[in-house]
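Trainee: predicted model follows, preceded by the sequence.
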Amino acid sequence: MRAVIAVIGKDTVGILAKVSAICADAGANIMDVTQTIMQDLFAMTMLIDITNCSENYSDLADKLTKAGEEMALQIHVMHEDIFNAMHRI
Amino acid sequence: MILNSNDILETIKMIQEENLDIRTITMGISLLDCIDSDIDKACTKVYDKMMRLACNHVKTGEDIEKRYGIPIINKRLSVTPIAMLAAAAKGNPVKFAHTLQKVADETGVNYVGGYSALVHKGFSAGDRELIESIPEALSTTTKVCSSVNVGSTRAGINMNAVSLMGKIIKQASEATKEDHCFGAAKIVVFCNAVEDNPFMAGAFHGVGEADCVINVGVSGPGVVRAALAKMPDASIDEVADTIKKTAFKVTRMGQLVGTEASKMLGVPFGIVDLSLAPTPAVGDSVAHILEEIGLESCGAYGTTAALALLNDAVKKGGVMASSRVGGLSGAFIPVSEDAGMIDAVNNGSLCLEKLEAMTAVCSVGLDMIVIPGDTPDEIISAIIADEAAIGMVNSKTTAVRVIPAIGMKEGETLEFGGLFGSGPVMPVNKFSPAKFISRGGHIPAPLQSLKN
């Protein structure tokens, strides 16, 4: 199963490091990352494979959301199917 | 990346800023196998069957919310019209309402629909008893919803039932006057009621349905409005096209959630109801979509045309997105639940007559409309008759959910709170239809050819 992590907020040092560290701890494999900075706004989307994840999906999602709050960022973790359903025919 | 990051951010924006959500997942449960001549035994069977099938319903909804990051606002149940159970059982049908309330409390769902009777051609055993017990049932429960079908295109309109429902609505309102007259907000009077509607208060599980199904109601007026706001100078063709595309995306999400819920619960997937259901939240209004299309205020001339366009485009976009479409499918126009509609009533641009015209081209009918508390029963009946006639002649579902605000007059506001919002008391034409309503009888089914 694959999930998408989307991070939106003000750009600061160490966002990618922090998010990828949490993924690594949980055993989630990062498959792809794209990031853009529009003016001051940082937007990153990350595709992760959580098939061999040591933590369950909902704990990982909570952990990432909490880390986002600490850095004053919005972090959303969503199953990739929702995007496939909405944007692919 | 296989997924486009703009698509990802668009989805997140829809959910976070434009109030995109799944409005309801409703589990429909057939109670036909719970029929018993002893009402207490029947209630026990109802309780056991519903608890067995629905005990994980709320939990499953919450799991899906977490997994896809999409809010599912309501988890609900609908059941076989209780009049069919009341027909066999002797005794006060309110016992069934209390059983449904108990199931709602224990499963954690927020409403159970199906305290209903289908009387479009006439009353059979149990129907009249059930209808007469509606005020008591709704005033002694909080989560039970009731509906009565009084007409259909094939059967015509049962005017005896229309006359009775005027009284029942008034009584339900009076019985709950301490509680914002909320009893009347839990009754819908239908013409051409559908059997797979997931939305309250009109949900019931039709006899043609499978034993247990999952139906999903999507929502997203805010998303449609936001999409239209990006194209202020587009032609009407482009507006229709944009609505279709947006409805497609919204419906796909409903399809995904429905499929997932049905898999997790081991229950067949019924339908996606492609409805634009507003909430009182700012930016989640159907009236604001109509205004975005180019009306100064909802209710202005042009409203009916804009709504017809919106309703049709939503269906066209949604039909392709889902393998099974059903329910009411279209745009809802509940006054008290839509911030834009409330403003339009308060600024004088939207009146009851215009709302009636709008119901000829949109999904349901006169919905969540507050009328003065001293409105005579026969006027409420006549409002129902007019609305049922629109549905009967146009082969569509129409409904009436009016709330007589006991002790209140035009210009005052009845507050419900939450998703139900607040309703300004609207003026009603006071000329009497008493003679017409008191005649009783049946309006014959309309001719299906020579259509003009």
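Mentor: Structure's in. What do you need? Numbering: from 1, shown residues only, chains lettered A, B, ... in the order given.

Trainee: what element comes up after the longest helix seen in chain A heading to the C-terminus?
Mentor: Taking DSSP state H as the criterion, chain A has its longest helix at helix A:57-70. On the C-terminal side of helix A:57-70, the nearest following helix or strand under DSSP states H and E is strand A:73-79.

Trainee: that next one vs helix A:57-70, what angle?
Mentor: Per axes from the mean of the first three to the mean of the last three C-alpha atoms, to 10 degrees, the angle that strand A:73-79 makes with helix A:57-70 is 160 degrees.

Trainee: which positions in strand A:73-79 come out as buried?
Mentor: For strand A:73-79, a neighbour-count test (16 or more other C-beta atoms under 10 Å in any protein chain shown) marks A:73, A:75, A:76, A:77, A:78, A:79 as buried. Where you see a C-beta, it was placed from the backbone N, CA and C, and this is true even at glycine.

Trainee: before we move on, what about stretch B:297-313?
Mentor: The neighbour-count check on stretch B:297-313 (16+ other C-beta under 10 Å) flags B:297-300, B:303-304, B:306-307, B:309-313 as buried.

Trainee: can you name the residues that contact whichever residue of chain B sits closest to chain A?
Mentor: At 3.8 Å from chain A, residue B:69 is the closest residue in chain B, using C-beta to the nearest C-beta. Applying C-beta atoms under 8 Å, 6 or more residues apart in numbering or on different chains to residue B:69 gives the contacts A:61, A:76, A:77, A:78, A:79, A:82, B:12, B:15.

Trainee: ok, now with 10 Å
Mentor: Residue B:69 makes contact with A:3-4, A:6, A:61, A:65, A:76-79, A:82, B:11-12, B:15-16, according to C-beta atoms under 10 Å, 6 or more residues apart in numbering or on different chains.

Trainee: buried members of these into ChimeraX, please.
Mentor: Only the buried entries of the contacts of residue B:69 go into this ChimeraX selection, using 16+ other C-beta under 10 Å:
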select /A:3,4,6,61,76,77,78,79,82 /B:11,12,15
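
Trainee: nearest to residue B:160, of the contacts of residue B:69?
Mentor: Nearest to residue B:160, judged by C-beta to C-beta, of those is residue B:15 at 47.7 Å.

Trainee: find the nearest non-adjacent residue to that closest one, please.
Mentor: With C-beta to C-beta, 6 or more residues apart in numbering or on different chains as the criterion, residue B:15 has its nearest non-adjacent residue at 6.1 Å, and that residue is residue B:70.

Trainee: contacting residues for that neighbour?
Mentor: The contact partners of residue B:70, by C-beta under 10 Å, 6+ apart, come to A:78-79, A:82, B:11, B:14-15, B:20-22, B:64, B:253-254, B:256-257.

Trainee: next one: phi and psi at it?
Mentor: With angles defined as degrees, to the nearest 10, residue B:70 sits at phi -120, psi 130.

Trainee: the one 3 residues further on too?
Mentor: Comment: the main-chain dihedrals of residue B:73 come out as phi -70, psi -50, following degrees, to the nearest 10.

Trainee: from residue B:22, how far out is it?
Mentor: As judged by C-beta to C-beta, to the nearest Å, residue B:73 and residue B:22 stand 7 Å apart.

Trainee: looking at these two, which one has more neighbours?
Mentor: Comparing residue B:73 with residue B:22 by neighbour count (other C-beta atoms under 10 Å in any protein chain shown), the higher total belongs to residue B:22, at 28 against 18.

Trainee: backbone phi and psi for the more buried one, please?
Mentor: Per degrees, to the nearest 10, the backbone of residue B:22 is at phi -90, psi 120.

Trainee: show me what it is bridged to.
Mentor: Judged by DSSP bridges, the bridge partners of residue B:22 are residue B:72, residue B:218.

Trainee: surely it meets residue B:220?
Mentor: Yes - using C-beta atoms under 10 Å as the test, residue B:22 is close enough to residue B:220 to be in contact (9.5 Å).

Trainee: between those two, which contacts overlap?
Mentor: Common contact partners of residue B:22 and residue B:220 (C-beta under 10 Å, 6+ apart): B:250, B:253, B:254.

Trainee: contact partners for the second one?
Mentor: Residue B:253 makes contacts with A:81-82, A:85-86, B:11, B:14-15, B:20-22, B:68, B:70, B:216, B:218, B:220, B:272, B:321, as judged by C-beta under 10 Å, 6+ apart.

Trainee: so which of those are in helices?
Mentor: A:81, A:82, A:85, A:86, B:11, B:14, B:15, B:68, B:321.

Trainee: within range of chain A, give me the residues from chain B.
Mentor: Applying C-beta under 10 Å from any C-beta of the partner chain, we find that chain B lies next to chain A at B:1-16, B:20, B:62-64, B:66-70, B:248-257, B:259-260, B:320-321.

Trainee: repeat the analysis, applying 8 Å as the threshold.
Mentor: Applying C-beta under 8 Å from any C-beta of the partner chain, we find that chain B lies next to chain A at B:1-5, B:7-12, B:16, B:63, B:66-70, B:249, B:252-253, B:255-256.

Trainee: for the chain, what are the low-confidence residue spans?
Mentor: If you meant another chain, say so; for now it's chain A. The model of chain A has no residue with pLDDT under 70.

Trainee: not quite, I wanted chain B
Mentor: By pLDDT under 70, the weakly predicted segments of chain B are B:1-2.
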